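1. only geometry, no sequence info:
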């Protein structure tokens, strides 16, 4: 039993010695907890140094400032969103005008189709009318010739003296 106690004491002395693994681990834990209580806390520990943590915080601050400016320019009064909404309103108005103009053009095209159909019918009727007029003129011309032939004074009477 004394031998076991001796072994136990020796092991305890080895474990608690200044250069033991347990003391080194406890020193690291102490160092870690002190760094976690420092100005950059767990972020400094996670990134390996307070300098890296400081850079991350500065980057986040710059990003927040940039986002605030972007928010003001995009969503603020007179920002991009206001301009975009105004442009969309103008575009909608232009589209409504274009739609109305297209309806007018559609009505004009419908009228042109009616006029074109009437012109086609009129052209067909003009051909028949011309044929009738030509036939009538031919008849009138034939009648004039007939009257001139039958009319005694229409001839040039030529007197010949012996």
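-> Yes, it's here. Note that this is a predicted model, so its numbers are computed, not measured.

2. now the residue nearest the centre of the chain: how far from residue 73?
-> Nearest to the geometric centre of the chain sits residue 88, at 11.0 Å (C-alpha atoms, centre = their mean). Distance, residue 88 to residue 73, by C-beta to C-beta, to the nearest Å: 18 Å. Placement of C-beta: from N, CA and C, glycine included.

3. The protein: helices as residue ranges?
-> 2-16, 21-36, 41-47, 50-75, 80-150 (DSSP state H).

4. now the nearest residue to residue 53 once chain neighbours are set aside: how far from residue 48?
-> Excluding its sequence neighbours, the residue lying closest to residue 53 (C-beta to C-beta, 6 or more residues apart in numbering) is residue 40, at 3.7 Å. Residue 40 sits 11 Å away from residue 48, going by C-beta to C-beta.

5. Mean pLDDT added to the helices of the chain, as TSV?
-> Below are the helices of the chain laid out as TSV (pLDDT from 0 to 100):
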stretch	mean pLDDT
helix 2-16	87
helix 21-36	88
helix 41-47	84
helix 50-75	91
helix 80-150	87
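
6. which of these is buried the deepest?
-> Stretch with highest mean neighbour count among the helices of the chain: helix 41-47 (a mean of 15; mean count of other C-beta atoms under 10 Å).

7. who does it touch, helix- and strand-wise?
-> helix 21-36, helix 50-75 (3 or more C-beta pairs under 8 Å, 6 or more residues apart in numbering; DSSP states H and E).

8. Now distance to residue 141 too, for those helices, in CSV please.
-> What follows is those, written out as CSV (distance: least, C-beta to C-beta, whole Å):
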stretch, distance to residue 141
helix 21-36, 126
helix 50-75, 90
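
9. closest to residue 119 out of those helices?
-> helix 50-75 (59.6 Å; C-beta to C-beta).

10. so the closest one versus helix 80-150, what angle?
-> 40 degrees (axes from the mean of the first three to the mean of the last three C-alpha atoms, to 10 degrees).

11. Taking helix 21-36 as reference, get the angle to helix 50-75.
-> Using the same axes, to 10 degrees, helix 50-75 lies at 30 degrees relative to helix 21-36.

12. Thank you, goodbye.
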